Every structure is written in C-alpha cells, then in structure tokens.
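S.K.: Pasting the sequence and the predicted coordinates here, then a few questions.
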Amino acid sequence: MQGYSKEKSEIMDSKAIINNILPFSNVDGPGNRFAIFFQGCNANCIYCHNPETINYCKNCLKCTEVCSHGALSVTNNKIVYNDSLCIFCDACLHKCPYQSSPKTKKITVDQLYEQIKFYKPFIRGITVSGGEPTLHKDFIVELFRKVKKLGLTCFVDTNGFFHKKEMDTLIEVTDKFMIDIKTIDEVQMLCGIEEHNHLENLNYLLKMDKIYEVRTVIINDFMDAHKTVAKVSSMLKAYPHVKYKLIRVHAHGLKESQKEILSIKTPSDEKMQQMKDLAKKKGVHTVECIL
Amino acid sequence: MRSTVNDIMSTAVSRGLTYQQKLFNLANIAERLIDPQENLDYSDKEIEYIQKDMICDLNEGYAIYRPRYIVPDYFIYLKYGCAFLDIKPPEDLNELLDGLLILYHHVPSITSFPVFIGRLDLLIDPFINDEKNDYIKIKRFLNHIDKTITDSFCHADIGPKATKAGEMILKAIIELENPTPNMTLRYDPDITGEDFAEMAVEACLKVSKPSFSNEKLYRQDIGEHEIVSCYNALPLAGGAYTLLRLRLGTIARSADSLEKYLNVVLPQVSEAMLSIMDKRIKFIVEESNFFESSFLITEGFLKKENFTAMFGIIGLAEAVNYMLELENLNEKFGASVRGDEIGHQIMEKIQAIVNNHKGLYVERTQGKYLLHAQVGANLSKEDQFNTPAHRIPVGDEPALPLHLKQAGQFHKYFPSGTGDLFAFDQTYLNKPEAVLDIIKGAMEIGYRYITTYLENTDLIRVTGYLIKKSEAKKVSNGEVVLRDTAIMGEGTNENARVFQRKVRNNGQ
C-alpha cells in the first residue's frame, strides 16, 4: 500500500493539508453544511472516488506537464497552484502516479474558522471528510471546539478504521459520525488496509449515540455483500434514528484502471433491491438505496 | 410612453395575440393616446426624461381609472358576503371557492387581472371537513384560476402558520404545474413549522413556487401587508396607486463622474419622477372617481387610506459598472468592494430624496412613497442595459454564498419589495432542508424575499413572475399563447438571459 505517512501528519498538525472545501454541501450530513476534505487516507479502496486525496504530493512535477491552462507552475522545484487559472479538467489528478493532488492547500484552524464564520448564517454545521479525517484528530478537535461556539454542529465522515482509544477527545467534541462499513471481512482485498476495528468502532459510537448514518458501497466479488449488510443491519436494529445507505458502486469519473475492474463488478438492480430488503427485514428503520 | 393610432391597427390585426390580449392591449393603447401634458400636467422636463428612457412609466397610461395594484381584504367576503355582487357569506367550501372566483372577476389592476387573490390557506382552512373531496375542489379551483386569470402577476399568499389547507395547496400546485397563481409563503422561522417550510421548498424546487418572504421584516416595515404581483409588499385592504421606475444605468451614462451622477443628474431625474407620481395619484384620487364608484371601497374590501405608491429602480448594476469604468477599475458589480460602495452611495442618495418628499394621499406609509426594486420589463431597447432591480447581471454571478451576501446588503432599501432568485441543481430535491437553511440564512442577513427553482424545470421564474419555457418558445416562434406573461417573459429573456442563470451546487 502506498500508505499514509505518519510523520507528515505530525509535521502538519498546526496546519492541515486540505484537498478541498465546499462552502455549501447538501450531501455531507443534515441540512446545508460546510464540508472540509482533508488530504491523506489510511485506506486505498478499490472503488475510491477521490484517490487524489490518499497521499501527499511528492513534488515529482509530472502533473505540471499536462496542465494546459497554466494553473500549475514550478518555483524552487515545488509546484505552485493558481486556482484562478484552473479549469478543473482533472488532467493533473489523472497524471499523478502517487494518488495525490497538486492543488492541496495548507491551512490553519483560524483560517478555516474565519471562512466558516463567513458562511455561518447559511449552514447548520460543518463536516470533516477526506481522505480520512481522523488522521488529523488534533487539528479537528481544535477546529470543532471553536466552531461549536458559533452554534454549529460538527460531523466527522470516517472510514471507521481508527483506534478509538486515541480518539476519545475527538469523539467527545463530535456531534455525529457518518461511518463506512465497507465490508466485514477481506478488508485488505477491498480497502488495502489491515485494520479490522471498524465494526467495533461502530458499535462503540452507536452506544454513545454518536452515529448519524452508516454507508456500505455494494460491489460484486470484492465483498460478501449479504454478510456485510446483514451484520450492519443487525447492529442498527436498536437505533431507529440511524440511516443505512446502500450505494451501488459506479465508475463515473474514475481512472481507466479502476473503470476496467468496476465495470464488471457492478451489482444489478435486483441485487441492490435484495440488499435493501435484507436491511429492512433485519429491522433497519431507514434504508436509502443510491443507484 | 405615448401610443399612436397605428398601434391600434397593428394590435387589431396581430397574428400572435389572443382576443383577450388584443382587447386589453387596445384599452391600454387608448389610455396612452391621451397627452399627459394636457391631462396630467406633466412638465417638458418630465416628458424629456420619459422620452430619453431615464424614467419608465411601465405603460401605465394617462387616463388613469384605477390604482395599479389592488389588495382586497377577502375576509370581508367571509364576514359579510358582497351586496354589489349579491353573494352571501359562504357556508361551505363550494360557496367559498365559487364566491372567490366571482370576486376575482371584479378586482381591477394595471393588468386588468387581480394581482392579489387572498391568503388562500387562511380563507380555505375553516371550510375543510372532508380532506379527500376538498382536495379535489381546491385543485380544481387553482386550475380554474390559471386558465381564466391569464396573467401570472396574479398572486396568492400562504402561511406563516402551517395549516391543512396550506398543505393541500402545496400538493395541488405541484400536481398542476401551472404558472398562475404566483405564490409566496410568508415565512417566519419562529412560526412556520419545519415540515411545512420543507414542503414549500420542495414545491418551490419542482414548480418554482411558493417563494419565501420575510414575514418579520415586512411586518416591521409595512405592518398588515400582503405579497402581491411579483413580490411587492403592500398594505392590506389598499395597494399602490402607481409604480414608475428609474433606469439607473441609462441615467448614469449622462454623467461624467460619480459626483455629478449623485449630486446633479440623479436628484434631477428622481425629483421629476416624484412629481410625475404626485400628478398621477392626484388624478386617481381626485378625478378618476375610482374611490367613489367601486364597490370594493363602499363595502370595505379596500380603504382609500390604505393606499401607497411605489418608486422603482432598475439597473443598479449597470450604473455601478459605468462608474467603475469612469474610475478605471477593471471590476464588475457583484464582485467588487468598490462597486458595492458605489451601489450604497446611489441607493442612499435615492432613499434620502424619496423619503424627503411629501407624498400625496399616502398617510398609511407615513406620507412617503416606498422604494421598490423593480424586476424589469421589456419596453425599450434601454431595458437591455438595465438589469432588474439591484441584481447582478446573469453571467456575472459569483459563487452562491458570495452572491447571497452581496445581494442581501441592498434589501434594506426596498420596503415595498425586492428579491433574489437562484437556480439549483437536482440534488437539492433530496435535501429540501439544505435549501431551507440557505433561505433562513438569507433572512438572517436581511433578505426580504428569496426564491428558487430547479435548473431543468419547464416552469421557471423570469424575474418575479412565472412562465413556462415551452410557452416562451412558442412566442418566439410567433405562436399565440394563453398568458400575456409568456410574451413578456420571452422578451425579458432576450434581454437578460434569465433562462441561463447560474446553476448552484456545492455553494458554487
């Protein structure tokens, strides 16, 4: 795995590396939210839709060769990104051999806070996503503590692969988690990670009433969908306010190498319906199927 | 603007107008054949400003026989019926809806159609006792309005409280997908329930109505009011005698500096417009006999003392852009701090002039005419160079949150109405609460009115009224269409590219 480098995280703790910010998002939790996408992920899922958020830029400069609008230049052997010239063609992201992006920004808690304050009247909260945001827990704890004083809710969108003992403070200051349960076994094959603590984490957070929604992407062969949906559903039965989202894997906008794999692994409408029915039968109150 | 005898013949033989449109156009032409200098005592200067397209009188005419906007108190009918029409107070839903439809035929306005048809939820709710059958009646009633009041300036209000009738109305308008009536939810987050507000958002996304007005703010500024026509906030049981508008962009081009614009040209033209308004109101009140002859007055649906008048503006963006050019700044209104400063200087100047003027017969609004951000029309080539109200021209729109903030700072100037509209993408249909958050935020920063629609719907809001894009297309092909507003919408789109508004997603 071209994994996440721990040293880099520690260096960047006072300033986090951000892949993207959406001032208004209608898909990252309840209501209209300010969503922050952190750079860096400890997983590398086969169907990842944001693979450019996985690793940090190594300044190999390969992306600068394909930028046709002058948005990427080189100063002192480092990439300088000018967003006003960018046409968001994603050529640089497709070119990157390291699953990274030349368009990330370093940002402090105070800078983020000022942006959030500006948008405050129009949002009901913020959501940190990624990448994997729990890798930036200290930064996020500081951010959440400030943001909560504005009366906004703070959500974490996580892949569930974290050590909960290290996350005590983050869990305490987070209103709700949105968590992926990608599969319950063969995690390494699907997600490129050896951790298996996501179910335990889900259970822990459910008991603390800290879960907003659980999501499972359904893909053929790389996971036992039936087993996964059945297990998650049985855990959610006792929590009727928690939504379970079942998402059909899709290949739109992905790299050719990913498309090749995913195009033959897409579950049928019938299978998606079976999974939805299964979740319902197991007692999940709200199941949303995203095709 | 005056008409000519030739206008009569060209209207009579038009291939693109219905009988009814010809009839109303001919009446309007007749009103404009009269010489305003003879009949209303307009000065040479006032005529000059009209002819130079600096002042637009919206073709109101010079033989004035009714106020422009009439806002009847329909609860009078509930209490007393109507003696002139010989209808008794309604005893059930059938009688109510029938009686209202009868009344609508007799409510005048500048368009000859009622611009306000009541707070429909409050009127209907006490008569609901059989939800299934009553829903069919309400839907039929709304459809009848769309087919007979063939002008989408006809406006109904609902809210702020959730009611069963309100919910049924929302359901019906989604199913009907009709342009008429225009509709506003009077929104007060402390009174309007979340569920009802989200239902209204869903309707607004799907069929571009209801819009959302800031109930608290309008109550504070106008008191007992209704939202009528496009988004005009006017006193209940009254209305507005007249609405004229300054073309700020056109006026700007006659000034060679901001200083001259603010201190010479703008005051001169504004004073002329106030004087014209005085003369028009004097005629309506003292000579037209409207207030002496209308049963709406004698039976209490309207009261003379509840009328006001509206001082409109358009083209703030072009005026500001012209001044930015004079200052050699390569910036545009909507994304320019200096532009906003100039915008405020212009509006503060106009506000001072209007508020210092002692208006005629407008005691209801403290002797003042009310500033109004007019949404535009297609009456002159100059309308191509004057974006509606204080809006940012289509094509120059910044990202949504910045747009919301930029526009919001100008709402305070317009007690008789202003509003902004934003096109959203399909994803918001799954998240009406996200749109509601945006609406709440807009009101928190001083919005009076905000509305939205989905990018790909046929039914869209042009500037303040609704049309079907398919109908506007027919107009551009020379075909006859039912509603005059489709004809206006087509012209406005040609000018302002309103069908190409920026589509919003993820705060862009």
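M.R.: It's in.
S.K.: what kind of secondary structure is the residue sitting furthest away from the middle of chain B in?
M.R.: The outermost residue of chain B relative to its centre, with distances by Cα atoms, centre = their mean, is residue B:328 at 35.5 Å. The three-state label given to residue B:328 by DSSP: H, G, I helix; E, B strand; the rest coil is coil.
S.K.: Buried residues, the helix or strand harbouring residue B:145. List them.
M.R.: Secondary structure here is read from DSSP states H and E; on that basis residue B:145 sits in helix B:131-148. Judged by neighbour count (16 or more other Cβ atoms under 10 Å in any protein chain shown), helix B:131-148 contains these buried residues: B:134, B:135, B:137, B:138, B:139, B:141, B:142, B:143, B:145, B:146. All C-beta spots, glycine's among them, are computed from the backbone N, C-alpha and C.
S.K.: which strands and helices sit next to that helix?
M.R.: Counting by 3 or more Cβ pairs under 8 Å, 6 or more residues apart in numbering or on different chains; DSSP states H and E, the packing neighbours recorded for helix B:131-148 are helix B:93-104, helix B:164-176.
S.K.: in the last one, what counts as buried?
M.R.: What it means is helix B:164-176. Across helix B:164-176, burial judged by 16+ other Cβ under 10 Å covers B:165, B:166, B:167, B:168, B:169, B:170, B:172, B:173, B:174, B:176.
S.K.: wait, does the helix or strand hosting residue B:402 contact chain A?
M.R.: Under DSSP H and E, the secondary-structure element containing residue B:402 is helix B:400-408. Yes: taking Cβ under 8 Å from any Cβ of the partner chain as the criterion, helix B:400-408 and chain A are in contact, through B:400, B:401, B:404.
S.K.: out of these, who has the most neighbours?
M.R.: Going through the residues of helix B:400-408 next to chain A with other Cβ atoms under 10 Å in any protein chain shown as the criterion, the one with the most neighbours is residue B:404, at 25 neighbours.
S.K.: nearest residue to residue A:103 other than its sequence neighbours?
M.R.: residue A:81 (5.0 Å; Cβ to Cβ, 6 or more residues apart in numbering or on different chains).
S.K.: Look up which residues are beta-bridged to the one you found.
M.R.: residue A:72 (DSSP bridges).
S.K.: gap between it and residue A:73?
M.R.: Using Cβ to Cβ, to the nearest Å, one gets 8 Å for the distance from residue A:81 to residue A:73.
S.K.: go on, residue A:39?
M.R.: 20 Å.
S.K.: re earlier: C-terminal to the helix holding residue B:145, what's the next element?
M.R.: Along the chain past helix B:131-148, the next helix or strand (assigned with DSSP H and E) turns out to be strand B:155-158.
S.K.: That following strand - contacts with which helices or strands?
M.R.: In terms of contacts (3+ Cβ pairs under 8 Å, 6+ apart), strand B:155-158 is packed against strand B:116-119, helix B:120-124, helix B:164-176, strand B:182-187, strand B:225-228.
S.K.: redo that, cut-off 6 Å
M.R.: When contacts are defined as 3 or more Cβ pairs under 6 Å, 6 or more residues apart in numbering or on different chains; DSSP states H and E, strand B:155-158 packs onto strand B:116-119, strand B:182-187, strand B:225-228.
S.K.: what about the last one, distance to the chain center?
M.R.: So the one you mean is strand B:225-228. Shown here is strand B:225-228, whose average C-alpha point lies 10 Å from the average C-alpha point of the whole chain (Cα atoms, centre = their mean, to the nearest Å).
S.K.: ok, now the first one?
M.R.: Mean C-alpha position of strand B:116-119 versus that of the full chain (Cα atoms, centre = their mean) differs by 14 Å.
S.K.: which phi and psi does residue B:245 have?
M.R.: For residue B:245, the backbone dihedrals are phi -140, psi 150 (criterion: degrees, to the nearest 10).
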